[in-house]
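[1] Mind looking at a prediction? Sequence and model below.
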Amino acid sequence: MRGLSTSPPAPSAAPARQAALLHKLSQIALALAKRQIDSFRFQLGDALLHFSESTDRPVEEKASFDAHHHLKKKGDAFCIAFESRLDTLSAAALRTLERGRAADADLALATEDFDQAQHRVLQDELSDALEQHAGDTLHLLDLRVAALLGRDALDADSNPWRPQIFVQAFCQAWASIDDGAASRRATLRLLNPRLFLPLPALYGALNAVLVENGVLPELQAQALARTRQREKAMPFAATTSPAVRLRGARYHRVRDFLLGAPAPDTKPGNADTDHLNLPDLFSEPDANGKLQTNTISVAVGPRLFTSLTRLQRQLEEGGSEGGAPASASVLRHIKEGLPEGVLTRVDENTIELLARIFDVMFEAADLPAPVKSLLGRMQIPLVKAALMDRKFFLDAGHPARRFMDQLVACSVAWDAASGEQDPLFQALRHAVDRITTEFDQKTALFDQVRAGLVAFVASEEREAEAALAKAMPAAQRAERLHQAELAAQADLDERLASGAVPQFVERFLETHWFRILTLGHNLREKKPEVLVRARNSLDDLIRSLQPCTDAEDRRMRLSRLPAIVADVNAWLNAIKWDGPERATFMARLAERHAAALSHKPEGGNTRVQAAVTLARRLDERSTHAARR
């Protein structure tokens, strides 16, 4: 996860210009995310159904199918809830960021039961995976937002568009349609960076907006250098097995295992274990390039290498239809297919240690069967690499290990629902094909093939970012229009709340003046006078329909009425509303004006009837507002 910043928070809220840009970023982020929610809903439903049909575990089958059923039955409600929770959580996070303080700590951890704790762990794992997948794109956004606010750095939990916000919104939306713990866990376990909202592209769009506004445009080159530095020390995912983490430092674990020495109960380096005086198995070559006598970092002999290559060929030919077995049985049966005496005890232990690492990968629940089959084909090439250099188990920068890291990372991101014809799966298969057919004793091939995978993933992300960048102007326009419509409706609700406007005029205002007000709000930043004039004309029209109070009021109305009618016609021309309906409306409006100008005293029955009518229409308006 990203490290926490030690920088003190800003002492005051962001200035107006910074706040405006932050809110603009929030609108863009939410608009881009909401455009993807509907398609994400269907992708997730397909993935859940596919997993329920392919798993051989009854519990997983039922939980996945139940989740699919809930999403299919209540998909629209899920999308609405997802959008609503995104709005709420992002707005709250944005307010926290602007106030310049860290997010409140979660005080409920101590009271969580097991299911809640497991749910939280799954959320955190998904958030971490999304965060790592976003990589420097998210890191750049953190740096730019910090620079925008005048801070040295941004706390890890301060970015209002961090992956945790989207994951939390998803979980809350899911809880609104499904309260089953099993199906909820099945859904969270299935999600991955490829089966979620495209956050890297979204972060790329936000970075582009900040760069356009002059916020740290020079960071891109620095980020690229940082990425290359990080790739040199990628962790070997398979060695994180709990069984491998049980004892002491990795060097001593590997050394003891390969030599077949009993593992001490105490930590290596203590006086109890120093007396073993085991050799340094991984010493570097001397000045002449020769390894010391007691090292086991030696090249594979021609006889052993030829035998392994033959076994590799048999595995590829035998697995042409069903693929390689998704188990380490290939490694554990190597000895049976080799001539007597080819393997030393250290060789056998090397193969067994690698087999245990493959056991962990094959047991991973988030790797589909076709991907595990690809990993199964890598057993012989990796055992060659490990036998050539036992530092394979210790060196995080070993080319074979870096390749496996990239392969596993891409495999987790593959959307199994799209099948083996998916371009990403084809790229993975091509990479494995090259390793299994071309690897001899030159580990540089692993780096070459890994570079091809990295380039492919980068190309896919660039295409996704380009598609989003192309869609961003339309999304921004749609969001501005949506906000303008909300503001226009608020203007009308405020003026029509009394129910005193005639029904035919009310329908006219909600249909046609709504468009005029929407136009005014949409142009508010560029031409604020348009909105002012639209509101003034609306207020004049409503006042002109009220009965005159006295002779002086009637005289003033008569003098202003031609201008009010002309103003109404000008606005109707602007929105291009013509035809017989307009003529009918203007005729009825003239009749209403004549009635308002007559100033006839109302009798008791008439006043009662007017009061009843007003109450009825107020009730209708409140009912209509509640439905909205």
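    On my side now, so go ahead. Residues are numbered from 1 along each chain as shown.
[2] for the strand or helix carrying R303, packing partners?
    Secondary structure assignment for R303, by DSSP states H and E: helix 302-318. In this structure, helix 302-318 packs against helix 379-388, helix 423-438, with contacts taken as 3 or more C-beta pairs under 8 Å, 6 or more residues apart in numbering; DSSP states H and E. Where you see a C-beta, it was placed from the backbone N, CA and C, and this is true even at glycine.
[3] what's the model's confidence in whatever helix or strand comes next after the last one, averaged?
    If you walk from helix 423-438 toward the C-terminus, the next helix or strand you reach (DSSP H and E) is helix 444-496. Helix 444-496 carries an average pLDDT of 85.
[4] How about stretch 587-596?
    On average, the pLDDT along stretch 587-596 is 89.
[5] Likewise for stretch 332-350?
    For stretch 332-350, the mean per-residue pLDDT is 78.
[6] Same check on stretch 419-436?
    Stretch 419-436 shows a mean pLDDT of 88.
[7] So which bits of it are buried?
    Judged by neighbour count using 16 or more other C-beta atoms under 10 Å, the buried positions of stretch 419-436 are 424-425, 427-429, 431-432, 435-436.
[8] contacting residues for S307?
    337-339, 342 (C-beta atoms under 8 Å, 6 or more residues apart in numbering).
[9] confidence score at it?
    79.
[10] What count of nearby residues applies to A182?
    In terms of burial, A182 registers 16 neighbours under the definition other C-beta atoms under 10 Å.
[11] try the one 3 residues further on
    Taking other C-beta under 10 Å as the neighbour definition, R185 ends up with a count of 17.
[12] separation between it and M388?
    Counting by C-beta to C-beta, to the nearest Å, the separation of R185 from M388 is 42 Å.
[13] confidence score at G260?
    Confidence for G260, expressed as pLDDT, is 58.
[14] err, D178, not the other one
    D178 carries a pLDDT value of 91.
[15] Same question for R555.
    Per-residue pLDDT puts R555 at 87.
[16] repeat for L32
    L32 carries a pLDDT value of 91.
[17] check contacts around it.
    Counting by C-beta under 8 Å, 6+ apart, L32 makes contact with 201-202, 205, 468, 471-472, 475.
[18] returning to that earlier point: how far off centre is the helix holding R303?
    Here helix 302-318 shows a centroid-to-chain-centroid distance of 43 Å under the convention C-alpha atoms, centre = their mean, to the nearest Å.
[19] now it and helix 423-438, what's the angle there?
    Following axes from the mean of the first three to the mean of the last three C-alpha atoms, to 10 degrees, one obtains 140 degrees for the angle between helix 302-318 and helix 423-438.
[20] helix or strand right after helix 302-318?
    The next secondary structure element downstream of helix 302-318 (using DSSP H and E) turns out to be helix 329-332.
[21] contact partners of that following helix?
    With C-beta under 8 Å, 6+ apart as the test, helix 329-332 has contacts from 311, 315, 324, 351-352, 354-355, 358, 376, 379-380, 383.
[22] The same query, at a cut-off of 7 Å, please.
    The set of residues that contact helix 329-332 without belonging to it, under C-beta atoms under 7 Å, 6 or more residues apart in numbering, is 315, 351, 354-355, 358, 376, 379, 383.
[23] Please apply the same query to stretch 206-214.
    Applying C-beta under 7 Å, 6+ apart, the contact partners of stretch 206-214 are 21, 25, 28-29, 137, 140-141, 144, 148, 161, 217, 469.
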